[in-house]
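A.B. asks: Sharing a model that was predicted from the sequence below.
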Amino acid sequence: MKYNFTDIEKRQQKLWEEKEIFRLDDRSASKPYYCLEMFPYPSGRIHMGHVRNYSIGDVIARFRKMRGFDVLHPMGWDAFGLPAENAAIKHGIHPAKWTYENIDYMRRQLKRMGLSYDWSRELATCDPEYYRWEQLFFIEMLEKGLVYTKKSKVNWCEQCQTVLANEQVEEGRCWRCDTEVEERELDGWFFRITAYAEELLEGCDHLKGWPEKVLIMQKNWIGKSIGAEITFPVKGKDQPIKVFTTRPDTLFGVTFMSLSPEHPMAMELAMGTDQEDNVRTFIEKWKRSLKSERYGETEKEGVFTGSFALHPVTGKEIPIFIANFVLMEYGTGAVMAVPAHDQRDFEFAKRYHLPIRLVILPRDSEIDPENMSEAWEGPGILVNSGHFDGMDNQEAKKAIVDFLEKEGKGTPKVTYRLRDWGISRQRYWGAPIPIVHCPNCGAVPVKKEDLPVKLPFDVEFDPKGRSPLPYLKSFYETTCPRCGADARRETDTMDTFVESSWYFARYICPDDKNRPLDKDRVDRWLPVDQYIGGIEHAILHLLYSRFFTRVLRDLGYLSASEPFDRLLTQGMVLKDGAKMSKSKGNVVDPNTMIERFGADTVRLFILFAAPPERDLEWSDRGVEGAHRFLQRIWRLVTDNLEDLKNVRGKEYSSPAQAASRHQALKKLRQKTHQTIGKVTQDIEERYHFNTAISAVMELANETASVLRRESASGDSIPEDALWPVVLEALETILLLLSPVVPHITAELWTLLGHERIISLEPWPEADKDAAKIDNVTIVVQIKGKVRGKVQVPAGASQEEVEAAAMEETNVKRHLEGKEIRKVIYVKDRLLNIVV
RNA sequence: GCCGAAGUGGCGGAAUUGGUAGACGCGCUAGAUUCAGGAUCUAGUGGGAGCUAUUCCCGUGGGAGUUCGAAUCUCCCCUUCGGCACCA
């Protein structure tokens, strides 16, 4: 019988669909398990990254199901986004049509992979029935003060004709098209993610099932700094300048002050001084410079303002500079400069010949205050610091802030790097922001009962790429929900990351027409037990989802604080050492591979070639190898089908009895049950599918070798003993492999005469007695070098093993004339004799 | 610059807690089968030495250390990848 994977896969998939075996009734589940993979953007067709992502998720979902869990395993589409609009401009096809056609095609592709999704829960985020709820959240967040609008400097991508969030700018470039980002002043809507900064940071410590790497990236992104805000009076002015510092201990080392060129007082300080022209020139030059020129480590430059601040403790005059390296967005836009203990201030002081005043003396290294070559940023003892002298600098931080606070000159302060999430996009293909701009009332939310604000379909696309919405009268012309006056509808749409920040919750109740989330149902399933996706979302999507979950919790929609209990970040799929991409021409198309080898082979290869978190090198030879293995399994069952089927009909020995009748069978049975243990552990605890698969390969090899020896040496093993043990081994192989290669195992399972679909079978349990090893090989080392091996019964005492070891000729040879000083014995493993 | 991860045969990788380094697969070599190729099967496959023995030496990026014993722990260095990047 030939392994006709095309027919088999088609037939099995049809059967699963007809019998709805992966459909879940979430309300009657007694052992809920939520397995989720990041949903795809319907870009056209799936790529190997998707294949890997979904194969990993499918093994976990199928495994859990066989372990008796009620598995929620949904799939949907992250369907809003710019490529759809670009396609519209380029090919004249409507974004909706383009998107839904892609969804249809990609859904077929996913189905061909044999993934165990409950397709009845499928959703697309561009569906008004989906985004209407998001508009509702927006309004409720607005009511709670979690949404606000402001005019601000934003990241603008000219190519995409839209604003980008901070998280979407990578090295000063657009995350999507790599265009250099410009700065623009624009009105925009913001989600107050900073209100949750502390909670999001603190939450990282409880996400035990997340990779450390992702948590560190999130923590860094939130960027908490503990310090103080200190007020410096300005000589001859009423208004003081506030600075933020994490080093209040260095307060007495302040010799000047640096302001950002964007600081509101920058120009004012220079007015009327002889520095006025210099400062104006400097600021103007800075404003003209590109963001990319300011970015990174550029030469420190600045200009004196002509004004002086007064040291809050000593009252000494401190020159105020404008400096190119001071960021307006962080802290207060002004810094107290301590050149002796901050490298940037040090470089600046050197360049402009400003005094350097040492106030922290390191304990063990010598510093010559006259000839410092770099700032000392380490710990030490305070000097030149008035009555704080002699104090440890860590203690001094608190002491000085306490002192300033008492004097009314400073307060403890915590600052975060995280900025609020700008969600306005000047794009068409997104969820409309449910706001109306009224000349009398200002920005007014749409009435909840009027939701959704539907995205209009009959639009003309602008070849320059601008959104058509601001030009579409029928859309923007409206009346104020509050006063009824003629008003203009908001024409920006929401960042598509908003949709993906809560889709995992909607999958639980996609059928609910009356509310976004049914709390009772949602609370049973969230957080997601296992989430799987690419590392590229380490900050973006994963941070936004964590934020959104907390918002929904505080709006009363659900109880969870975290969306994802465990997170698995899979590595990339590479070809010839590089990420697959059209421009490099190293793309391997999943379709081609599935046609040539079948979905099972592709799944098997991709899971076998590397552990999931690591990058995976695509290898055509490796795929052939995976296919060969499946062929072997196929033959192993079909070549012996009659004998195997006979086992149940005839009065054969039970596997346990049969094993006791022949050594080779005992060994095979032992291997069978050991493999169950190993595979279960590898999948359940470690997600190391590669080693799980290799363990099954070993069992298959052992089974084949028993059969081969049997046929070669005639009838040394009685049939009624052989076949029960071989059948047990083969059925175990099928069950253990079924989450990985569901089609071939299902087919063979049926051929062996089983009525029930293999995916509905319980996961095998290892028989501890059968798996037990009775003889172990103990390594005998002499001074840590292997000199021999001895066979002893498992659990043998040190005396027994020593006695056996002394019989070994090679061991004897090495011990000759030497004195045994010490013997180390590790039970069932090794004996080390030290001479 | 800072933070993090990784470095093991010709290749992908294994070694879960410090205890036989190289499981499993790919590739390669030889043989069987075959008209041939492919497929399949069998045996071998880290390097070196060798009185061919149940042998010895070397070997997990490099160097030191801890230990009876280190791919695994500690310190220093090198390389690659990822993240952040003047965050006061």
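C.D. replies: Yep, it's here.
A.B. asks: what's the neighbour count on the residue of chain A found nearest RNA strand B?
C.D. replies: Nearest residue of chain A to RNA strand B: A:Gly625, at 2.5 Å (Cβ to the nearest atom of the strand). The C-beta positions use only the backbone N, C-alpha and C, and glycine is treated the same way. The number of residues packed near A:Gly625 is 15, by other Cβ atoms under 10 Å.
A.B. asks: Can you tell me what sits against the helix or strand hosting it?
C.D. replies: Per DSSP states H and E, A:Gly625 falls inside helix A:620-638. If you take Cβ atoms under 8 Å, 6 or more residues apart in numbering as the criterion, helix A:620-638 is touched by A:1, A:3, A:5, A:593, A:597-598, A:600-602, A:604-605, A:608-609, A:644, A:697, A:700, A:703-704, A:707, A:730, A:733-734, A:737, A:741, A:744, A:748, A:751-752.
A.B. asks: The following helix or strand past that helix packs against which elements?
C.D. replies: With elements assigned by DSSP H and E, the helix or strand that comes after helix A:620-638 is helix A:641-649. Helix A:641-649 is packed against helix A:719-737, with contacts defined by 3 or more Cβ pairs under 8 Å, 6 or more residues apart in numbering; DSSP states H and E.
A.B. asks: Which elements pack onto the helix it packs on?
C.D. replies: In terms of contacts (3+ Cβ pairs under 8 Å, 6+ apart), helix A:719-737 is packed against helix A:620-638, helix A:641-649, helix A:655-661, helix A:663-681, helix A:689-712, helix A:742-751.
A.B. asks: where does the stretch 301-450 of chain A dip in pLDDT?
C.D. replies: A:364-365 (pLDDT under 70).
A.B. asks: thinking again about what came up before, give me the buried entries from the contacts of helix A:620-638.
C.D. replies: A:3, A:5, A:593, A:597-598, A:600-602, A:604-605, A:608-609, A:644, A:697, A:700, A:703-704, A:707, A:730, A:733-734, A:737, A:741, A:744, A:748, A:752 (16 or more other Cβ atoms under 10 Å).
A.B. asks: Those: which ones sit near RNA strand B?
C.D. replies: A:608-609, A:697, A:704 (Cβ under 7 Å from any atom of the strand).
A.B. asks: now, among those, which is nearest to A:Glu229?
C.D. replies: Checking those against A:Glu229 with Cβ to Cβ, the nearest one is A:Ala609 at 53.9 Å.
A.B. asks: Now do the contacts for that closest one.
C.D. replies: Counted by Cβ under 8 Å, 6+ apart, A:Ala609 has contacts A:616-619, A:622, A:690.
A.B. asks: now, which of those lie close to RNA strand B?
C.D. replies: Answer for the contacts of A:Ala609 near RNA strand B (Cβ under 7 Å from any atom of the strand): A:616-617, A:619, A:622, A:690.
A.B. asks: related to what we said a few turns ago, give me the angle between the helix holding A:Gly625 and helix A:719-737.
C.D. replies: For helix A:620-638 against helix A:719-737, the angle by axes from the mean of the first three to the mean of the last three Cα atoms, to 10 degrees is 140 degrees.
A.B. asks: Need the CA coordinates for helix A:620-638. PDB is fine.
C.D. replies: Only the C-alpha atoms of helix A:620-638 are listed here, as PDB (Å, rounded to 0.1, in the frame of the first residue of the first chain):
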ATOM      1  CA  ASP A 620      15.300  20.700   1.500                       C
ATOM      2  CA  ARG A 621      17.300  17.600   2.500                       C
ATOM      3  CA  GLY A 622      15.900  17.800   5.900                       C
ATOM      4  CA  VAL A 623      12.400  17.800   4.500                       C
ATOM      5  CA  GLU A 624      13.100  14.700   2.500                       C
ATOM      6  CA  GLY A 625      14.400  13.100   5.600                       C
ATOM      7  CA  ALA A 626      11.200  13.900   7.500                       C
ATOM      8  CA  HIS A 627       9.200  12.500   4.500                       C
ATOM      9  CA  ARG A 628      11.300   9.300   4.600                       C
ATOM     10  CA  PHE A 629      10.500   8.800   8.200                       C
ATOM     11  CA  LEU A 630       6.800   9.000   7.600                       C
ATOM     12  CA  GLN A 631       7.200   6.500   4.700                       C
ATOM     13  CA  ARG A 632       8.900   4.200   7.100                       C
ATOM     14  CA  ILE A 633       6.100   4.500   9.700                       C
ATOM     15  CA  TRP A 634       3.600   3.900   6.900                       C
ATOM     16  CA  ARG A 635       5.300   0.700   5.700                       C
ATOM     17  CA  LEU A 636       5.900  -0.500   9.300                       C
ATOM     18  CA  VAL A 637       2.100  -0.600   9.800                       C
ATOM     19  CA  THR A 638       0.800  -1.400   6.300                       C
END
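A.B. asks: How about the contacts made by A:Ile532?
C.D. replies: A:Ile532 neighbours (Cβ under 8 Å, 6+ apart): A:35-38, A:53, A:56-57, A:60, A:567-570, A:612.
A.B. asks: if we can go back for a sec, as a markdown table, the ones next to RNA strand B among the buried ones among the contacts of helix A:620-638 with pLDDT and distance to A:Trp77 would be great.
C.D. replies: Below are these laid out as a markdown table (pLDDT from 0 to 100; distance: Cβ to Cβ, whole Å):
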| residue | pLDDT | distance to A:Trp77 |
| --- | --- | --- |
| A:Phe608 | 95 | 29 |
| A:Ala609 | 92 | 28 |
| A:Met697 | 95 | 37 |
| A:Ala704 | 91 | 44 |
